[in-house]
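Novice: need a 3D model of the following:
(2 chains)
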Amino acid sequence: MITTKHYPNRLGIWGWLGGGRWGFERYLYTLHRLTGLGLLAYFLMHIVLTTSRTLGPDAWARAMKAVEGPAFVLGEYLVFAAFALHALNGVRLVLLELGVGVGKPIEPVYPYRTSVHVQRPLAVGVMLLAAAVAIIGGLDFFILK
Amino acid sequence: MRDQKLWTWHVAAGVLILVFLGLHMVIMHLTRTVGIGNPAGGHAVDWGNVVARGKSLFFMLTYVLLLGAALFHGLYGLRNIVCELGPPAGLKKAINALLLVGGLGLFGLGTWAAIASFQLARSL
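Specialist: Now for the predicted structure:
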């Protein structure tokens, strides 16, 4: 049987803000959580709002009218960009969980080396991809109207 | 063991969401750069497009699948964040119950809406 020790989470949410020696991947951890919470909040409202389509075209038009305007377009774009970041960082996390891109195990000989540097190209790669998706989305939202 | 299973489902739901929410985002938001899933033309939320997608069994089934996967993934993620802060056992139980009941309620509402709009679209 696996037993685990539980340590008090002294920093709480404030612990999300400090990257410490973990650097880039730690900030991705914070962004993953923030985008996840944002997407969840949007999704819960989205479920309720889109039920209006069951009441016919007039109810649907009223619901869509309630969420139009530049502020909502910007908000929707932020949701789109958050999805791109959360999804592609999620792909990275699944790959790491499956042992892909973490390098081969090495002897713990001083000076110790961390596998974080082996993982870095994957982190940079998925973020560049997320940026590309966000830019394509930006074209659709704001430029090619 | 229970948390390990739930975590595996959380990851599996994430993969499913990546596919179907990815498709949903492309259809709803990349109408000019990609332009799929909107046979009536114009904006993705125009009633003609809503009806056209609503008639499709594929869209109805994947909406329900995506709804369930996204609710589980999101609410389980929220539960993990909250539980990581070390709430007392009683509060933790109450949070679990609230998220479970809220999640099931929203799943019921969303599933009913997907089926009702499918029937409405087919009747038009």
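Novice: just the strands in chain A please.
Specialist: Here chain A has no strands by DSSP state E.
Novice: up against chain B, what does it have?
Specialist: A:8-9, A:12-13, A:33, A:36-37, A:39-40, A:43-44, A:47-48, A:50-51, A:53-54, A:56-57, A:60-61, A:64, A:76, A:80, A:83, A:87, A:90-91, A:94, A:97, A:136-137, A:139-141, A:144-145 (C-beta under 8 Å from any C-beta of the partner chain). Using the backbone N, CA and C atoms, a C-beta is placed for each residue, glycine as well.
Novice: please redo it, this time with the cut-off set to 7 Å
Specialist: By the rule C-beta under 7 Å from any C-beta of the partner chain, the part of chain A lying against chain B is A:8-9, A:12, A:33, A:36, A:40, A:43-44, A:47, A:50-51, A:53-54, A:57, A:60, A:64, A:80, A:83, A:87, A:90-91, A:94, A:97, A:136-137, A:139-140, A:144.
Novice: what average pLDDT does the helix ranked longest in chain B get?
Specialist: Counting residues, the longest helix found in chain B (DSSP state H) is helix B:89-123. Averaged across helix B:89-123, the pLDDT comes to 97.
Novice: elements contacting it?
Specialist: helix A:24-50, helix B:47-54, helix B:57-84 (3 or more C-beta pairs under 7 Å, 6 or more residues apart in numbering or on different chains; DSSP states H and E).
Novice: closest one to residue B:90 among those?
Specialist: Of all those, helix B:57-84 sits nearest to residue B:90, with 13.0 Å by C-beta to C-beta.
Novice: what's that closest one packed up against?
Specialist: Contacts defined by 3+ C-beta pairs under 7 Å, 6+ apart place helix B:57-84 against helix A:24-50, helix B:2-29, helix B:89-123.
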